[in-house]
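Undergrad: 3D model of this:
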Amino acid sequence: MDKLFGKKPTVKEQLRENDKSLRKVTRDVERDRRELEREEKKLEMEIKKAAKLGNKQAATVLAKQLINVRKQKTRTYAATSRVQAAGSAAKAMGANVKLAETMATTTKTMGNMNKMMNPQQVAKTMQEFDMANTKMEMTEEMMNDTLDDILADSDDEQEQDAVVNQVLDEIGIEISGKLSEAPSAGKGTIGAEAIS
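TA: Numbering: from 1, shown residues only. Presented below is the predicted three-dimensional model:
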């Protein structure tokens, strides 16, 4: 029906049509081969019959016909092989066409993406981001330094030390006295007992 309206078949439809035609040709050739095999058997029987009757001339003519039938049968095998090779080649060609169509679609998609993406604009945007990020880090660092200068007072450190000492005194730990009484390890003596 598409042929009536001039619509071009797709690759898949064309492959299906080719495959159908090739299967039909193969069936026809195989049918001819079976007919030749029947003819071959018939001729063999007639040759035997002529030989029994002693009719050498008839047997010779029939033998020539038998040789021609066998040659024709061999040709049918070659024809079937060629038809199958043509079918395989058509399928391979169809696969290549499909691959080419896929590559064309991919190329088109990549082209569309390249049109949408302006490399200069992307580079400019990345540079602007880097500059803004660096500026923000510098501003944050300056604010932290300023806050540290404002909040960090030398009196605060002395106050912190006094509070820590008071808490430690309340629990009964004297830092300076206890630390001096703590055992110390001499240099090179760690693990000496384990060696001896």
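Undergrad: so in the protein, which helix runs the longest?
TA: Taking DSSP state H as the criterion, the chain has its longest helix at helix 56-116.
Undergrad: by contact count, what packs against whatever helix or strand comes next after it?
TA: With elements assigned by DSSP states H and E, the helix or strand that comes after helix 56-116 is helix 119-151. Using 3 or more CB pairs under 8 Å, 6 or more residues apart in numbering; DSSP states H and E, no helix or strand is in contact with helix 119-151. Placement of C-beta: from N, CA and C, glycine included.
Undergrad: hmm, back to that, mind giving me the packing neighbours of the longest helix of the chain?
TA: Checking 3+ CB pairs under 8 Å, 6+ apart, helix 56-116 ends up next to helix 11-53.
Undergrad: ranking helices and strands of the chain by mean pLDDT, which lands last?
TA: Least confident element among the helices and strands of the chain, by mean pLDDT, DSSP states H and E: helix 192-195 (a mean of 48).
Undergrad: picking up where we left off before, now the longest helix of the chain: average pLDDT?
TA: In this model, helix 56-116 has an average pLDDT of 89.
Undergrad: now do that helix: distance to the chain's middle.
TA: Relative to the centre of its chain, helix 56-116 is centred 30 Å away, using CA atoms, centre = their mean, to the nearest Å.
Undergrad: what angle separates it from helix 11-53?
TA: 170 degrees (axes from the mean of the first three to the mean of the last three CA atoms, to 10 degrees).
Undergrad: ok, Ser88 - contacts?
TA: Ser88 makes no contacts at all, as judged by CB atoms under 8 Å, 6 or more residues apart in numbering.
Undergrad: enumerate every residue touching Phe12.
TA: Actually, residue 12 is Lys rather than Phe. By CB under 8 Å, 6+ apart, the residues touching Lys12 are Gly94.
Undergrad: tell me the spacing between it and Thr26.
TA: According to CB to CB, to the nearest Å, Lys12 and Thr26 sit 21 Å apart.
Undergrad: same question for Lys56.
TA: According to CB to CB, Lys56 and Thr26 sit 40 Å apart.
Undergrad: with Ala89 instead?
TA: 15 Å.
Undergrad: neighbour count: those two, which is higher?
TA: Neighbours were tallied for Ala89 and for Thr26 using other CB atoms under 10 Å; the higher tally belongs to Thr26 (15 against 10).
Undergrad: once you drop chain neighbours, what's closest to that one?
TA: Spatial nearest neighbour of Thr26, chain neighbours left out: Val83 (5.2 Å); criterion: CB to CB, 6 or more residues apart in numbering.
Undergrad: you'd agree the one you found is up against Arg27?
TA: No - when contacts are counted by CB atoms under 8 Å, Val83 is not listed as touching Arg27 (10.2 Å).
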